[in-house]
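*Asks:* can't give you the sequence, but here's the structure:
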């Protein structure tokens, strides 16, 4: 392959331009993004405090919720500070290795969140379909092992993308990333060579994780609904549904936003670039912002404890 003289060999610094086409109003766009970030941090931190301090919540469902809260804080913190630096202070430059680290963190925590949602679905499946065996199956040891496996799976699947970029992509057509954070495809599109293998690996990871997790989450909730509909008592059916509603809301907002962002980014040829960037940013920010609100509103134990804490502060 012939490399043009205009290409850059292993650039030490890249430039993030934010939201292409909306540069003049990025300062205003940063305000709701900052508000969402602050609410996400406060809401998830309160969830973690409540779960840690209240012994009655030291159950698998709430432990998984705590893991989800930590992951949401990590995802939001991986992108928002740099994004606001671009929007408000025009800090556009980022070191190449820092960009790769941000990319790895984002995709790793996305994969972790998907794995935790799968674990929560399986926990609800056992709790509702086999309630007498739930305590024996979902022990604290198993919950810890699930958390470790989910984290290792995410880190291992995301790591080759860094290696492929560092080892296979050496010449770049430009150092300007038309994005507000370092996303895998946004970096790959800068390269002048060996682009296809990186695209294929990115698609492989996305479809492997989403496909595997989605299949088992769907199967879990299908069995849950069948079991619930066959319960003889109306109160039992309502109680079972009430424990599932927050999980279903979180599940839908995560995967629907993810699929919409994925398909518009890769197949939306005629969609303006700023639409791609906004939806991909919402995909990362909305779940951390909404998850604590959903669980706080829909989970009775958390709602009661939150009110108790607020009354004590007053």
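*Replies:* Received the coordinates, thanks. Keep in mind the model is a prediction, meaning the values are calculated, not measured. Numbering: from 1, shown residues only.

*Asks:* which residues of the protein fall in helices?
*Replies:* Ranges of helices in the chain, per DSSP state H, are 26-53, 60-89, 96-129, 134-137, 140-168, 184-188, 195-229, 234-267, 273-298, 300-313.

*Asks:* low-confidence stretches in this structure?
*Replies:* Counting by pLDDT under 70, the chain contains low-confidence residues at 1-5, 265-269, 310, 312-314.

*Asks:* which residue is nearest the middle of it?
*Replies:* Nearest residue to the geometric centre of the chain (CA atoms, centre = their mean): residue 110, 3.6 Å.

*Asks:* excluding sequence neighbours, find me the nearest residue to that one.
*Replies:* Closest residue to residue 110 apart from its sequence neighbours, by CB to CB, 6 or more residues apart in numbering: residue 75 at 6.9 Å. For every residue, glycine as well, the C-beta is placed using N, CA and C.

*Asks:* and that neighbour, how many neighbours?
*Replies:* 23 (other CB atoms under 10 Å).

*Asks:* nearest to residue 178, out of the helices of the chain?
*Replies:* helix 273-298 (6.0 Å; CB to CB).

*Asks:* measure the residue nearest to the centre of the chain to residue 237 for me?
*Replies:* Noted for residue 110: a distance of 34 Å to residue 237, by CB to CB, to the nearest Å.

*Asks:* number of nearby residues for residue 156?
*Replies:* 11.

*Asks:* for residue 6, which of the helices of the chain is the nearest?
*Replies:* helix 195-229 (16.7 Å).

*Asks:* now the closest one and helix 140-168, what's the angle there?
*Replies:* 160 degrees (axes from the mean of the first three to the mean of the last three CA atoms, to 10 degrees).

*Asks:* so residue 296 sits right up against residue 43, yeah?
*Replies:* Yes. Counting by CB atoms under 8 Å, residue 296 touches residue 43, with 7.0 Å between them.

*Asks:* neighbour count: those two, which is higher?
*Replies:* Set residue 296 next to residue 43 and count neighbours by other CB under 10 Å: residue 43 wins out with 23 against 17.

*Asks:* just read off the phi/psi values of residue 173.
*Replies:* The phi/psi pair for residue 173 (degrees, to the nearest 10) reads phi -70, psi -30.

*Asks:* was I right about it contacting residue 7?
*Replies:* Yes. Using CB under 8 Å, residue 173 is in contact with residue 7, at 6.0 Å.

*Asks:* any common contacting residues for the two?
*Replies:* Listed as contacting both residue 173 and residue 7 by CB atoms under 8 Å, 6 or more residues apart in numbering are residue 192.

*Asks:* tell me how far stretch 281-292 is from the chain's mean position?
*Replies:* Distance, stretch centre to chain centre, for stretch 281-292: 8 Å (CA atoms, centre = their mean, to the nearest Å).

*Asks:* not counting sequence-adjacent ones, nearest residue to residue 86?
*Replies:* Excluding the flanking residues, the one nearest residue 86 by CB to CB, 6+ apart is residue 18, at 4.6 Å.

*Asks:* and for residue 113?
*Replies:* Leaving aside its sequence neighbours, residue 113 sits nearest to residue 71 (CB to CB, 6+ apart; 4.9 Å).

*Asks:* hmm, back to that, I figured the residue nearest to residue 86 hits residue 87, correct?
*Replies:* Yes. Using CB under 8 Å, residue 18 is in contact with residue 87, at 6.1 Å.

*Asks:* what is in contact with the two at once?
*Replies:* Counting by CB under 8 Å, 6+ apart, the residues touching both residue 18 and residue 87 are 26, 180.

*Asks:* sorry, back to before: got the helices of the chain as a markdown table, with distance to residue 12 columns?
*Replies:* Shown next, in a markdown table, are the helices of the chain (distance: least, CB to CB, whole Å):
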| stretch | distance to residue 12 |
| --- | --- |
| helix 26-53 | 25 |
| helix 60-89 | 17 |
| helix 96-129 | 6 |
| helix 134-137 | 51 |
| helix 140-168 | 13 |
| helix 184-188 | 14 |
| helix 195-229 | 20 |
| helix 234-267 | 27 |
| helix 273-298 | 24 |
| helix 300-313 | 47 |
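
*Asks:* closest one to residue 11 among those helices?
*Replies:* helix 96-129 (5.9 Å).

*Asks:* what angle sits between that closest one and helix 234-267?
*Replies:* Using the same axes, to 10 degrees: helix 96-129 against helix 234-267 is 150 degrees.

*Asks:* so helix 96-129 versus helix 273-298, what angle?
*Replies:* Inter-element angle recorded for helix 96-129 and helix 273-298: 40 degrees (by the same axes, to 10 degrees).
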